[in-house]
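J.: coordinates for the following, if possible.
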Amino acid sequence: MSEQTLDTFEVEQLIPDFTAPAMTQVSPERETIDAAEVNSRQWTSRVAGPFKPGSEVHLRETCRMFRETFNPYRPSVLHWPTLEPDALARIVALPIWDIAVQTEGKARLRMAAYAASIDEPEMRYALALNAWEENRHKEVLSRMVAAYGIALVNEAPYEYPKDVEWAYLVTGYSECIDSFFAFGLFKVAHRSGLFPPELIDTFEPVMQEECRHILLFANWLAWHRASLSWWRRICFELKVVAVWAFLGWERIGLARSIDADGNEQKQDNNFTVNGAQAVSRAEVDVRELMMLCLQENDRRFSGYDARLLRPQTMPKLVRFVLRFMRNGQAR
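T.: Below you'll find the predicted structure:
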């Protein structure tokens, strides 16, 4: 299957024992939406004691968290409010839409491919559900760009990864980076008043879902590391270092890709890091944005059992950088 190219697929094609969860069939009542929102962001295990990475308890409770916090929203019933001309122009002009849609497409395939390689049934299901949710994100974005008349290039076929573990690590760590900054940008957009509250509300389930995704990734990572023999652990850590080096190189400058028509496309692969001015009328101080990212990161994770591991690289790196920055120093 390593040479296979996939345009569209169902997760069940790669993982035959995966059954897609039930979703809300019609536009739900406000109470139903609110209950699903609360359920998706708050979860505490009923099991006493620590979650030692690699243990059966850690595995079981990580997977339970992901299953039990599933939000059953259906993209087809999401509401896309009418935008004021200024807000619409800003959204259409954002240099992210092609790469955002394509990133979700790659993520669903890479996660499903890795999930299919796992023998442990609970973790395989959790990662398959993660892949399924990435596909739902792709549908949300596709419906949004259609609603606001945003033109997209034709997507190139998605290629099945040759190294499924490498592909999953690249996707997981990328989401940890992008979600951390996206949490802050989303708050900036909310505060700015540039976009209507209805649009913010429409995207809120997607943002919290990204939090769940990187929470799952952080705990999968700890579980996976603990299950490796010492020599396989060394090989794995070398791969992790290579992934970070690859991501650093990838994020220098513009992302380049070839669309379905053979044309090179250039888009900002670092928008989550430097896109604050695009979602606010006011100038945003870099230090203020970093502080906001930390606050939002902590807030979004606060409802989940504290014994589950959180992604730490970006929060630690930003806290380190903030030591050398003064208020108003960088814009």
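J.: contacting residues for Gly54?
T.: Ala222, Trp223, Arg225, Ala226, Ser227 (Cβ atoms under 8 Å, 6 or more residues apart in numbering). From N, CA and C alone the C-beta is placed, and that goes for glycine too.
J.: out of those residues, which is most surrounded?
T.: Using other Cβ atoms under 10 Å as the neighbour test, these are led by Trp223, with 20 neighbours.
J.: what helix or strand is it on?
T.: For Trp223, the host element (DSSP states H and E) is helix 197-227.
J.: following the chain onward from the strand or helix carrying Arg110, which element is next?
T.: Element membership of Arg110 [criterion: DSSP H and E] is helix 97-116. Sequence-wise, the next helix or strand downstream of helix 97-116 (DSSP H and E) is helix 121-147.
J.: same question for the next helix or strand after that next one, mean pLDDT?
T.: Next along the chain after helix 121-147, taking DSSP H and E as the criterion, comes strand 158-159. Taken as a whole, strand 158-159 has a mean pLDDT of 86.
J.: pull up the pairing partners for strand 158-159, direction included.
T.: In the sheet, strand 158-159 lines up against strand 5-6 (antiparallel) (DSSP bridges).
J.: ranges for the helices of the stretch 151-300 of the chain?
T.: Assignment of helices within the stretch 151-300 of the chain using DSSP state H, counting those that start in this stretch yields the ranges 164-192, 197-227, 230-250, 271-274, 286-301.
J.: what's the closest of those helices to Arg67?
T.: Of all the helices of the stretch 151-300 of the chain, helix 197-227 sits nearest to Arg67, with 10.4 Å by Cβ to Cβ.
J.: how far does the closest one sit from the chain's center?
T.: Centroid separation for helix 197-227 versus its chain: 6 Å, with Cα atoms, centre = their mean, to the nearest Å.
J.: and what of stretch 190-206?
T.: Centre-to-centre, stretch 190-206 and its host chain are 18 Å apart (Cα atoms, centre = their mean).
J.: and that stretch, what's buried?
T.: His190, Ser192, Leu194, Phe195, Leu199, Thr202, Phe203, Glu204, Pro205, Val206 (16 or more other Cβ atoms under 10 Å).
J.: identify the residues contacting Ala87.
T.: Leu194, Phe195, Pro196.
J.: need phi/psi at Tyr304.
T.: phi -100, psi 150 (degrees, to the nearest 10).
J.: so it versus Arg41, what's the distance?
T.: 8 Å (Cβ to Cβ, to the nearest Å).
J.: over to Pro53?
T.: Taking Cβ to Cβ, one finds Pro53 at 23 Å from Arg41.
J.: so the two - more neighbours on which side?
T.: Between Pro53 and Arg41, Arg41 has the larger neighbour count (other Cβ under 10 Å), namely 21 against 17.
J.: how many neighbours does the residue nearest to Met325 when sequence neighbours are not counted have?
T.: Leaving out its chain neighbours, the residue that sits closest to Met325 by Cβ to Cβ, 6 or more residues apart in numbering is Arg287, at 4.8 Å. When counting by other Cβ under 10 Å, one arrives at 17 neighbours for Arg287.
J.: repeat that for the one 5 residues further on.
T.: In terms of burial, Leu292 registers 21 neighbours under the definition other Cβ under 10 Å.
J.: how about Ala113?
T.: When neighbours are defined as other Cβ under 10 Å, Ala113 has 25 of them.
J.: contact partners for it?
T.: The contact partners of Ala113, by Cβ under 8 Å, 6+ apart, come to Leu14, Tyr160, Pro161, Val164, Ala167, Tyr168.
J.: and if we set it to 7 Å?
T.: Leu14, Tyr160, Pro161, Val164, Ala167 (Cβ atoms under 7 Å, 6 or more residues apart in numbering).
J.: separation between the closest residue to Leu309 other than its chain neighbours and Ile177?
T.: Distances taken as Cβ to Cβ, 6+ apart put Ala218 closest to Leu309, at 4.8 Å, once the chain neighbours are dropped. Going from Ala218 to Ile177 by Cβ to Cβ gives 13 Å.
J.: quick check: what element follows the helix or strand of the chain with the lowest mean pLDDT along the chain?
T.: Sorting the helices and strands of the chain by mean pLDDT, DSSP states H and E puts strand 5-6 at the bottom, at a mean of 42. Going down the chain from strand 5-6, the next helix or strand is helix 11-14, by DSSP H and E.
J.: and for that next one, what's in contact with it?
T.: Outside helix 11-14, the residues touching it (Cβ under 7 Å, 6+ apart) are Phe18, Ala20, Ala112, Ala113, Ala116, Ala128, Ala131, Trp132, Asn135.
J.: tabulate these (CSV), appending distance to Gly149 and pLDDT.
T.: CSV is the format used below for the contacts of helix 11-14 (distance: Cβ to Cβ, whole Å; pLDDT from 0 to 100):
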residue, distance to Gly149, pLDDT
Phe18, 35, 90
Ala20, 30, 83
Ala112, 31, 95
Ala113, 34, 95
Ala116, 37, 95
Ala128, 34, 96
Ala131, 29, 95
Trp132, 28, 94
Asn135, 23, 91
